[in-house]
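K.L.:
Here's my sequence, what's the structure:
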Amino acid sequence: MSIWRRKYDSIQVGRTQYRVEFNWNALCSCMESEGMAFGQFEEFEKMKPGTFISLLYSGILEGCSIENKTFPYSKENFAAMLTPESIAQLSLIFQRQNARPTKNPQKVINKK
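P.N.:
Residues are numbered from 1 along each chain as shown. Coordinates of the predicted model:
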């Protein structure tokens, strides 16, 4: 199994496409900037808006780092440009890149 993907996720900011990578570096960068521990990061649905913006920003910065590009926007300027559609797109990219594969996907039946 290879850890490298052939197709990369990207998003357009302004007039430029930027690669988005929610890898270990991006996650650690977000946690450090927000003063978070690993256990706090598991509750994606309960994440504060500012932390979520930091996560999205870290993913774009990491994609730029991999491609040796500079992202010209500060976190605040980036947040000001976000739309509901772009947030949804970045959320889907995060979920796809961080999905936990299961060996035997089965329906879970709650027994009483």
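
K.L.:
May I ask which helix or strand of this protein has the lowest mean pLDDT?
P.N.:
Sorting the helices and strands of the chain by mean pLDDT, DSSP states H and E puts helix 38-41 at the bottom, at a mean of 71.

K.L.:
now the strands for the protein?
P.N.:
According to DSSP state E, the chain carries its strands in the segments 10-13, 16-19.

K.L.:
how much space between residue 75 and residue 97?
P.N.:
Using Cβ to Cβ, to the nearest Å, residue 75 is found at 20 Å from residue 97. Where C-beta positions appear, they are placed from N, C-alpha and C, glycine not excepted.

K.L.:
Equivalent analysis for residue 55, please.
P.N.:
When Cβ to Cβ is the yardstick, residue 55 and residue 97 sit 12 Å from each other.

K.L.:
about what we covered before: what's the least confident stretch among the strands of the chain?
P.N.:
The stretch with the lowest average pLDDT out of those is strand 10-13, scoring a mean of 91.

K.L.:
What lies in contact with that one?
P.N.:
When contacts are taken as Cβ atoms under 8 Å, 6 or more residues apart in numbering, the neighbours of strand 10-13 outside the stretch itself are 17-20, 60, 63, 71, 73, 78, 81, 86, 89-90, 93.

K.L.:
For those, give me TSV that also has distance to residue 26 and neighbour count.
P.N.:
Rendered in TSV, the data for these read as follows (distance: Cβ to Cβ, whole Å; neighbours: other Cβ atoms under 10 Å):
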residue	distance to residue 26	neighbour count
17	18	12
18	13	20
19	11	17
20	9	23
60	9	24
63	8	24
71	12	17
73	16	17
78	14	18
81	19	10
86	17	15
89	16	16
90	12	21
93	11	19
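
K.L.:
one step back: residue 55 and residue 97: which is more packed in?
P.N.:
residue 55 (23 against 15; other Cβ atoms under 10 Å).

K.L.:
Show the contacting residues for the closest residue to that one other than its chain neighbours.
P.N.:
For residue 55, the nearest residue in space outside its immediate sequence neighbours is residue 30; the separation is 4.6 Å by Cβ to Cβ, 6 or more residues apart in numbering. Residue 30 makes contact with 36, 41, 51, 54, 55, 57, 58 under the criterion Cβ under 8 Å, 6+ apart.
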